[in-house]
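Trainee: Structure of the sequence below:
(one chain, ligands or ions: 1)
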Amino acid sequence: MDLSQSNLAIRKLLAEYSHTDHDDWFLTFKARFGMAVAMQCIYDIYGHGEVITQPYTCITAINPILASNLKPVYTDVDPNTLSLTNPEKLYSSKTVAVVMQHTMGIIGDDSADIAAFAKKHRLILFEDSAHCLTRMATDKSGKVLADISVHSFGVEKILQSTKFGGAIYINPALKHKNAQLYEKITSSLLNLPQPPLGLKLRSRTYRFQNGILQRMPNSIYHDLRNLAYKAHIFELAVAPYEQSGEQSRPYATTKYVNKIILQHLPALPANYKRRLKNTRTYNKELANNGNFTILAPIEQPLLAYPILFPTTAAATEVYDVLTSSKFHIRRWYSPLLYPGPTSNRRYSYNPKMAPTAEDIHSRVLCLPTDLSPERMKTILSIIKPVKNPVEKIIKSQK
Ligand SMILES: Cc1ncc(COP(=O)(O)O)c(C=O)c1O
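Mentor: Model (predicted):
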């Protein structure tokens, strides 16, 4: 299959799963590149302006704003969804866009309100669906609410094995809202260059290198990874330069990246089925316990299942127990603007802007949702507290 044939095959699957048209999907080498293209087009048309977003996110979701000379302004998060809340508070005549992120794949009930806010002020509505490939917020008739929806095949996303690739859905309704912007974004996405040879090679060797690194003792894992990065032979999920607001120029997807995506994308419905089942199990088994709280029980196929501990120390202890039992637990997003900016100032971020996010980020653990029934039993046997306090969970594992 050549590049355009594999592009079409992927776009057809994305369209099938999301009940959309394959002509409205565009593929990039990483999701952040698609976001950057769209932000740059917004800047080219609107000039300097502000984008409402949240600090409870990966820094790669903010860099496209900075790299396009736009300014991120931050709302706090709703603790029930870990996503943007009260965007109205930040609205000013400088606002040009708002980013509605579905953290861990939680599509909140307030999506329609955020869309109404964007519509009222004629803002461009971005949707960050990096954690919920092909799932988008819709209105009651099933129409996609966002103007631009960003999806990822990257590291630690819904499809575990793809590692590279981004997909951007451009709502055809944007044509009527702002034809110039629609044309500019779609033609820019279609004309992205291929990545340079080095990056192409790193995407081919990533799985193998990562497999070796994962087997290394913790004590040398980070040093080795950084060495390989410095030698330009390993692609980090977030590179050090990306923690200072820098962003690579955007690239298109490649024949190889598409080949890998096509090997795994057909399994998406089964993947979501398992995640939904496990999310429901967590909802049922972990409700009303004395050690941690769960978010409002959400019946969605989450990328990971967030639980909130009363203290950072308790979260860390349970994290250590679970990781030593070989569970891959994420501490998203701690630090905020994960994995943390070199300077808050560069990101125009001040902790006072998001007291809830600041308060909870280090107390959240994200449980895996892609576990087999046996592994679900094991993880529940460790964390299902019945009436045990956290100390008992820890002791029982020692
Ligand atoms: C919320 C969020 N948005 C966007 C991205 C960017 O995705 P990608 O790694 O495909 O560039 C990520 C992951 O890094 C993310 O977690």
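Trainee: so what's residue 155 closest to, chain neighbours aside?
Mentor: residue 237 (4.2 Å; CB to CB, 6 or more residues apart in numbering). For glycine as for every other residue, the C-beta is placed from the backbone atoms N, C-alpha and C.
Trainee: tell me the SS of residue 359?
Mentor: Using DSSP: H, G, I helix; E, B strand; the rest coil, the structure places residue 359 in helix.
Trainee: From residue 367, how far out is residue 331?
Mentor: Residue 331 sits at a distance of 11 Å from residue 367 (criterion: CB to CB, to the nearest Å).
Trainee: Which element, helix or strand, includes residue 279?
Mentor: In the assignment (DSSP states H and E), residue 279 maps to helix 268-286.
Trainee: what sits up against the following helix or strand past that helix?
Mentor: Per DSSP H and E, the first helix or strand lying C-terminal to helix 268-286 is strand 293-294. For strand 293-294, contacts defined as CB atoms under 8 Å, 6 or more residues apart in numbering pick out 282-283, 286-287, 305-308.
Trainee: Strand partners (parallel or antiparallel) of strand 293-294?
Mentor: strand 304-308 (antiparallel) (DSSP bridges).
Trainee: Mind checking if the strand it pairs with is in reach of the ligand?
Mentor: No - Strand 304-308 lies apart from the ligand when judged by CB under 6 Å from any ligand atom; the minimum separation is 10.9 Å.
Trainee: could you dump the helix or strand just after that strand to PDB, C-alpha only?
Mentor: Of the helices and strands lying after strand 304-308 in sequence (DSSP H and E), the nearest is helix 312-324. Output of helix 312-324 as PDB, limited to C-alpha atoms (Å, rounded to 0.1, in the frame of the first residue of the first chain):
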ATOM      1  CA  THR A 312       0.200  12.900  48.200                       C
ATOM      2  CA  ALA A 313       1.900  10.500  50.500                       C
ATOM      3  CA  ALA A 314      -1.000   8.000  50.400                       C
ATOM      4  CA  ALA A 315      -1.100   8.200  46.600                       C
ATOM      5  CA  THR A 316       2.600   7.600  46.400                       C
ATOM      6  CA  GLU A 317       2.500   4.600  48.700                       C
ATOM      7  CA  VAL A 318      -0.200   2.900  46.700                       C
ATOM      8  CA  TYR A 319       1.600   3.900  43.500                       C
ATOM      9  CA  ASP A 320       4.700   2.100  44.700                       C
ATOM     10  CA  VAL A 321       2.700  -1.000  45.700                       C
ATOM     11  CA  LEU A 322       1.000  -1.200  42.300                       C
ATOM     12  CA  THR A 323       4.000  -0.500  40.200                       C
ATOM     13  CA  SER A 324       6.000  -3.200  42.100                       C
END
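Trainee: Tell me the buried residues in helix 312-324?
Mentor: 312, 314-315, 317-319, 321-322 (16 or more other CB atoms under 10 Å).
Trainee: what's the answer for stretch 358-369, then?
Mentor: Buried residues in stretch 358-369 (16+ other CB under 10 Å): 358, 360-369.
Trainee: any idea which of the residues you listed is closest to the ligand?
Mentor: residue 366 (11.5 Å; CB to the nearest ligand atom).
Trainee: Tell me if I'm right that the closest one and residue 295 touch.
Mentor: No - counting by CB atoms under 8 Å, residue 366 stays clear of residue 295, with 10.8 Å between them.
Trainee: Between the two, which contacts overlap?
Mentor: In contact with both residue 366 and residue 295: residue 306, using CB under 8 Å, 6+ apart.
Trainee: Show the backbone phi and psi for the residue lying closest to residue 243 once chain neighbours are set aside.
Mentor: Distances taken as CB to CB, 6+ apart place residue 342 nearest to residue 243, at 5.2 Å, with adjacent residues excluded. Here is the backbone geometry of residue 342 (degrees, to the nearest 10): phi -70, psi -30.
Trainee: what about residue 342, how many neighbours?
Mentor: As a burial measure, residue 342 scores 13 neighbours (other CB atoms under 10 Å).
Trainee: and it, how far is that from residue 76?
Mentor: Residue 342 is 23 Å from residue 76, by CB to CB.
Trainee: So residue 127 is in contact with residue 149, correct?
Mentor: Yes - the pair residue 127 and residue 149 passes the contact test of CB under 8 Å, sitting 4.1 Å apart.
Trainee: what residues do these two have in common as contacts?
Mentor: residue 136.
Trainee: show me where the chain has strands.
Mentor: Using DSSP state E, the strands of the chain run over residues 25-28, 50-53, 71-74, 77-78, 83-84, 95-101, 124-129, 148-152, 166-170, 293-294, 304-308, 364-368.
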